[in-house]
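**Q** after the sequence you'll find the predicted model.
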Amino acid sequence: MEQAEISTETSSTVITCWAAIAWTANAPLSIEKVEVDPPKPGEVRIKIISSGLCGTDKHILDGKNKVPLPAILGHEGAGIVESIGEGVTSVKPGDKVLTFPIPECKECQFCLHPKGNMCLKEKVLSPTGLMLDGTSRFTCRGRKIYNLFGTSTFTEYTVVHEIAVGKIDAAAPMDKVCIMSCAVPTGFGAVFNTARVTPGSTCVVFGLGGVGLAVVMGCKASGASRIIGVDINEKKFPPARALGVTDCLNPRNLKKPVQEVVKEMTGGGVDFAFEVIGNTDTVVAALESCHMSYGVCVMVGESPSNSRLSFDPILLLPERSLKGSIMGEYKTRSCIPKLVTDYIQKKFNTDPLITHQLPFQKINEAFELLHGGYCIRCVLLF
Ligand SMILES: NC(=O)c1ccc[n+]([C@@H]2O[C@H](COP(=O)([O-])OP(=O)(O)OC[C@H]3O[C@@H](n4cnc5c(N)ncnc54)[C@H](O)[C@@H]3O)[C@@H](O)[C@H]2O)c1
Ligand SMILES: [Zn+2]
Ligand SMILES: [Zn+2]
């Protein structure tokens, strides 16, 4: 594959490079030449070095979660700043960065509030596929191509708002840290910030993919005494056990509903349950797995667009609670670069979450690995 065409004065020029286009759902991605516009004021153009494939990208390709198409998907990216638009001060060309699906403008009333991580400028809940000024930076065969959550990492170059870019340590291994832009903070934060798992507690994790196993690592680090892992794919059990799962359950092999089994195993229900699949039935099963009075269920998975949760409200009455958690409740730019530093300092090791690495051109093969449940995280290298 040829190199991207860039002149020396890159900040003001269009870059032509390769990107994977999702023209429609339920079809392979198409690797094509795209034009990437220069960054406008407040924007950063990034040369992507690595990108993970997240369950959310998979849901979009499957048509379960709706975003504007055609688009360049991918939101779990690590790269190097190529050029900056006017007024950008927090990063400069050459800096190593992560892209975040949730921005942190540090100015709006949500960002200034000590709790929560939703910024008023976020584009995840109702994705427009466009930059904040309502335009796109990508063109392919003369057609406008949408972005994903303001990030788009399945491309050699992307343009992201400065408020969604986090500068990371110059020592960061770029083939490994892309998962710090979604899977790792989402899983760790669901445990540390949303559930606040306590030492000696019992936990159940529904869904042992990249994010679910990051939840498992967080539960183990919090001193949970028992971590029950639930998945319909038993290939996930050995890596889950290696990371701290004490008991594995495949709901398809049980004679009773999995929540009944979890309640029996734990004398009435777990202290903390996590749904990390993205399915309304398993959200209810996770909720029902919790202890009726002090059980906390955290919903991390993204259920299909326009789906509805349905359960008997009596479940919540005795003080059981149901919470959501997005990007682990971390204020992205303020907190996640520190996680990268902790990783570099070997305070934790998330490398086991990366089971495969493939060249970017093999992105469809990487999605087949994810669909077939053969990988935990497959990271694309550019
Ligand atoms: N809240 C957030 O900020 C956030 C961030 C990233 C991902 N997500 C969501 O988290 C979920 C998991 O993402 P991931 O990257 O780990 O995906 P993944 O595909 O790697 O893992 C999903 C796991 O769920 C299992 N599974 C599927 N259906 C099941 C069922 N009915 N019962 C039991 N197990 C089942 C699969 O076998 C797989 O192991 C997705 O819904 C994704 O959209 C949310
Ligand atoms: Zn993600
Ligand atoms: Zn904000």
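**A** That came through, no problem. Residues are numbered from 1 along each chain as shown. Ligands and ions are numbered 1, 2, ... in the order given.
**Q** near ligand 1, which residues of this protein show up?
**A** 54-56, 58-59, 182-183, 186, 206-212, 230-233, 236, 251, 276-279, 282, 300-302, 325-327, 370, 373 (Cβ under 6 Å from any ligand atom). Placement of C-beta: from N, CA and C, glycine included.
**Q** quick check: closest non-adjacent residue to Ser136.
**A** In space, and not counting its chain neighbours, Ser136 is closest to Lys144: 4.8 Å by Cβ to Cβ, 6 or more residues apart in numbering.
**Q** and the residue of the stretch 201-350 of the chain closest to ligand 3?
**A** Of all residues in the stretch 201-350 of the chain, Lys331 sits closest to ligand 3, at 9.1 Å by Cβ to the ion.
**Q** mind pulling up the pLDDT for that residue?
**A** Looking at Lys331, its pLDDT stands at 98.
**Q** so who does it touch?
**A** Residues in contact with Lys331 (Cβ atoms under 8 Å, 6 or more residues apart in numbering) are Glu104, Cys111, Asn117.
**Q** give me the phi and psi for the last one.
**A** Okay, so that is Asn117. Dihedral pair for Asn117: phi -130, psi 10, per degrees, to the nearest 10.
**Q** Leu132 versus that one, what's the distance?
**A** With distances taken as Cβ to Cβ, to the nearest Å, Asn117 is found 18 Å from Leu132.
**Q** could you do the first one as well?
**A** In this view, Glu104 and Leu132 are 14 Å apart by Cβ to Cβ.
**Q** and those two? Which one has more around it.
**A** Neighbours were tallied for Glu104 and for Leu132 using other Cβ atoms under 10 Å; the higher tally belongs to Glu104 (25 against 16).
**Q** secondary structure class for the more buried one?
**A** The three-state assignment at Glu104 reads coil, by DSSP: H, G, I helix; E, B strand; the rest coil.
**Q** any stretches of this protein with poor pLDDT?
**A** 1-11 (pLDDT under 70).
**Q** how about the residues of it near ligand 2?
**A** Counting by Cβ under 5 Å from the ion, the residues of the chain close to ligand 2 are Cys54, Thr56, Cys182.
**Q** most neighbours out of these, which is it?
**A** In terms of neighbour count, Cys182 stands highest of those at 34 neighbours, by other Cβ under 10 Å.
**Q** quick one, phi/psi of that one?
**A** Dihedral angles (degrees, to the nearest 10) for Cys182: phi -150, psi -70.
**Q** quick check, central residue of the protein?
**A** Cys182 (3.2 Å; Cα atoms, centre = their mean).
**Q** as a check, name the ranges of all strands in the stretch 251-382 of the chain.
**A** Counting by DSSP state E, counting those that start in this stretch, the stretch 251-382 of the chain has strands at residues 272-275, 296-299, 321-324, 354-359, 377-381.
**Q** point out the most buried one among these.
**A** strand 272-275 (a mean of 32; mean count of other Cβ atoms under 10 Å).
**Q** which helices and strands does that strand pack with?
**A** strand 202-206, helix 210-221, helix 280-289, strand 296-299 (3 or more Cβ pairs under 8 Å, 6 or more residues apart in numbering; DSSP states H and E).
**Q** select, out of these, the one closest to Thr355.
**A** Ranking the helices and strands packed on strand 272-275 by proximity to Thr355 (Cβ to Cβ) places helix 210-221 first, at 9.2 Å.
**Q** so that closest one versus strand 377-381, what angle?
**A** Helix 210-221 runs at 120 degrees relative to strand 377-381, counting by axes from the mean of the first three to the mean of the last three Cα atoms, to 10 degrees.
**Q** and helix 210-221, how far out from the chain middle?
**A** 13 Å (Cα atoms, centre = their mean, to the nearest Å).
**Q** can you list the residues that contact that helix?
**A** For helix 210-221, the external contacting residues (Cβ under 8 Å, 6+ apart) are 52, 54-55, 179, 182-184, 186-188, 190-192, 197, 203, 205-206, 208, 227, 229, 231, 236, 239-240, 243-245, 272, 274, 276-277, 300-301, 348, 350, 352-353, 376-377.
**Q** sort out which residues of it are buried, please.
**A** The neighbour-count check on helix 210-221 (16 or more other Cβ atoms under 10 Å) flags Gly210, Val211, Gly212, Leu213, Ala214, Val215, Val216, Met217, Gly218, Cys219, Lys220 as buried.
**Q** buried set for stretch 179-196?
**A** Buried residues in stretch 179-196, defined by neighbour count with 16+ other Cβ under 10 Å: 179-195.
**Q** got it, and stretch 163-179?
**A** Buried residues in stretch 163-179, counted by 16+ other Cβ under 10 Å: Ile163, Ala164, Val165, Gly166, Lys167, Ile168, Ala172, Met174, Lys176, Val177, Cys178, Ile179.
**Q** before we move on, what about stretch 14-24?
**A** Val14, Ile15, Thr16, Cys17, Trp18, Ala19, Ala20, Ile21, Ala22.
**Q** ok, what's across the strand from the third one?
**A** Looking back up the chat, that one is Thr16. Thr16 has these beta-bridge partners by DSSP bridges: Glu5, Glu35.
**Q** Lys33 is in contact with that one, correct?
**A** Yes. Using Cβ atoms under 8 Å, Thr16 is in contact with Lys33, at 5.7 Å.
**Q** so what's the residue in the stretch 101-250 of the chain that ligand 1 sits nearest to up against?
**A** Proximity of the stretch 101-250 of the chain to ligand 1 (Cβ to the nearest ligand atom) peaks at Gly209, 1.9 Å away. Gly209 sits next to Gly55, Lys236, Val276, Ile277, Ile376 when contact means Cβ under 8 Å, 6+ apart.
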